[in-house]
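Visitor: Sharing a model prediction with you, sequence too.
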Amino acid sequence: MNMNRREWMQRGATFALGIGLGERLLASTGKPPLSGEVKSAGSPKFPPKFLWGAATAAHQVEGNNVNSDNWLLERAPNTMYKEPSRDACDHYHLYEQDINQLADLGFNAYRFSIEWARIEPEKGFFSRAELEHYRRMLEACHKRGLTPLVTYSHFTLPRWFAYQGAWENPESADLFARYCERATAQLGDLIAYAATFNEPDIPYLFHWINLPNAPAGMDLAGLMAAQKAGLMQHLNAPQFSSFLIGDAEKSRENMMAAHTKAKSAIKSAKNIPVGLTLAMEDDQPEGPDSRYAEKQADVYVPWLKLAKQDDFIGVQTYTRSRIASKALPPPQGAELTQMGYEFYPESLEHTVRLAAKETAVPVIVTENGVATEDDTRRVEYIRRALAGVKRCIDDGINVRGYIHWSLLDNFEWIFGYTPKFGLIAVDRETQKRTVKPSASTLGKIAKANSL
């Protein structure tokens, strides 16, 4: 991939990574509360036992995830990645310090992922040492009163799995379920909520990203395919695939089967609540030729239907998207984040309403945040997003928690370390942590369980 193509890849994926699709609901659903909901009477208080936390993902914070497919992707010729992950935030060794800081700030939950590439570095070999590492992380959470929400697959995959075709491989569902069963047998007694996948709807979003002046008129999906072809040739691996660059159609069919099998495997080892998290953007139709409904159906409606059988749905939202015949750019003059998103915290309320309406299962906001160097804007974003969550709760929607993205300024995939999503800053040279005012603000809200 030449430099022009890489540039377009980075610009286009700005609208895809870390976000997804959703629907704008302009009013309350008017539905009676679901079973187990707490109906608020307009008080600033959130429901008892509401989860307040922050999130990380293993590859983005642990560092040196050398047995993963992403380690290869970051170092491939003409890679789309701005820089490699290297040591990341060294959370692998500093997790106890980070967990203590989260608890000290007033939070009561921590969402993180366990890394399949560490746990099963070779097909069929499960590392007891790595499972014990994640058990110590879970124990550290319980020691400080943090409810652990664990994701089993947050984008990255073992190298051996990628060499066998990743999610395009018909055996992938059974291989994933086996990993989930083994991990749960060792860790399940300490896990409060389990998510099989993080944002499995992302690959289909790539088909909806049109890049003006892209080489040969290629869309983002075409650019991803070119990246995949180049990597397969470089590695001399004709079957190599990955979550972010794989065949979306083949991958979705197998991932949906993998979710169902993994859920059964997890529950056979330990009967804990199981769901998945979805990337949901606040889609808003624009004009008479809007393809809004088509985009909704294509990207994540299948996952919402699947989630009806789950114990909860994780909603992950960052901004809105105006849909005409394609996704429109942010309005002229709109405030933009470091990712190029429109600063639009009200989007979260709309996607929570949609997820609750379509699935009828409890909702947990498993990611929401903003990439900015100006922490005062993060504070503003948090306050407005939470006001929307509270309106959902007041209307009887069963929202169980709010997990902010992210705990640390971390490795943001193809964008490297430039975007700053963290409540806590990380010095890239020393790994020193610095708590931002936004962390204290959200921590005070969490401690009070009230806006």
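Guide: That came through fine. Residues are numbered from 1 along each chain as shown.
Visitor: In this protein, where is pLDDT below threshold?
Guide: For the chain, the stretches with pLDDT under 70 are 1-41, 209-221.
Visitor: Do a quick rundown of the strands in it.
Guide: Using DSSP state E, the strands of the chain run over residues 51-55, 109-113, 147-153, 193-198, 274-279, 282-285, 312-317, 320-323, 363-368, 399-405, 424-426, 433-435.
Visitor: Would you reformat the ones you listed as a markdown table and include mean neighbour count?
Guide: Using the backbone N, CA and C atoms, a C-beta is placed for each residue, glycine as well. As requested, the strands of the chain are exported to a markdown table (neighbours: other C-beta atoms under 10 Å):
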| stretch | mean neighbour count |
| --- | --- |
| strand 51-55 | 27 |
| strand 109-113 | 27 |
| strand 147-153 | 25 |
| strand 193-198 | 26 |
| strand 274-279 | 28 |
| strand 282-285 | 22 |
| strand 312-317 | 28 |
| strand 320-323 | 23 |
| strand 363-368 | 28 |
| strand 399-405 | 25 |
| strand 424-426 | 20 |
| strand 433-435 | 15 |
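Visitor: now these in TSV, with distance to E62?
Guide: Below are these laid out as TSV (distance: least, C-beta to C-beta, whole Å):
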stretch	distance to E62
strand 51-55	14
strand 109-113	9
strand 147-153	13
strand 193-198	15
strand 274-279	19
strand 282-285	31
strand 312-317	20
strand 320-323	31
strand 363-368	18
strand 399-405	16
strand 424-426	13
strand 433-435	15
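Visitor: To I445, which of those strands lies closest?
Guide: Closest to I445 of the strands of the chain, according to C-beta to C-beta: strand 51-55, at 7.3 Å.
Visitor: hey, where'd the helices end up in the stretch 201-350 of the chain?
Guide: For the stretch 201-350 of the chain, helices defined by DSSP state H, counting those that start in this stretch occupy the ranges 202-205, 220-235, 248-269, 292-299, 301-307, 347-359.
Visitor: For T366, find the nearest of these.
Guide: helix 347-359 (10.8 Å).
Visitor: Counting by contacts, list what the closest one packs against.
Guide: Contacts defined by 3 or more C-beta pairs under 8 Å, 6 or more residues apart in numbering; DSSP states H and E place helix 347-359 against strand 282-285, helix 301-307, strand 312-317, strand 363-368, helix 375-394.
Visitor: what does the first one rub up against?
Guide: The list of residues contacting strand 282-285 from outside it, by C-beta atoms under 8 Å, 6 or more residues apart in numbering, reads 21-24, 292-293, 295-296, 317, 319-323, 344, 346-348, 350-351.
Visitor: what does the second one give?
Guide: Residues outside helix 301-307 that contact it (C-beta under 8 Å, 6+ apart) are 200-201, 252, 256, 259-260, 275-276, 278, 313, 355, 358-359, 361.
Visitor: Switch the residues you listed over to JSON lines; also include distance to V379.
Guide: Output for the contacts of helix 301-307, formatted as JSON lines (distance: C-beta to C-beta, whole Å):
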{"residue": "P200", "distance to V379": "31"}
{"residue": "D201", "distance to V379": "30"}
{"residue": "R252", "distance to V379": "37"}
{"residue": "M256", "distance to V379": "38"}
{"residue": "H259", "distance to V379": "36"}
{"residue": "T260", "distance to V379": "40"}
{"residue": "G275", "distance to V379": "29"}
{"residue": "L276", "distance to V379": "30"}
{"residue": "L278", "distance to V379": "26"}
{"residue": "I313", "distance to V379": "27"}
{"residue": "A355", "distance to V379": "25"}
{"residue": "E358", "distance to V379": "31"}
{"residue": "T359", "distance to V379": "31"}
{"residue": "V361", "distance to V379": "31"}
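Visitor: Among those, which one lies nearest to D395?
Guide: For D395, the closest of the contacts of helix 301-307 turns out to be A355, at 13.8 Å, with distances computed as C-beta to C-beta.
Visitor: Looks like the closest one contacts V363 (just checking).
Guide: Yes - using C-beta atoms under 8 Å, A355 is in contact with V363, at 5.4 Å.
Visitor: shared neighbours of the two, which are they?
Guide: I313, V315.
Visitor: sorry, back to before: so which of the helices of the stretch 201-350 of the chain is nearest A183?
Guide: Of all these, helix 248-269 comes closest under C-beta to C-beta, at 8.4 Å.
Visitor: Good, we can wrap up now.
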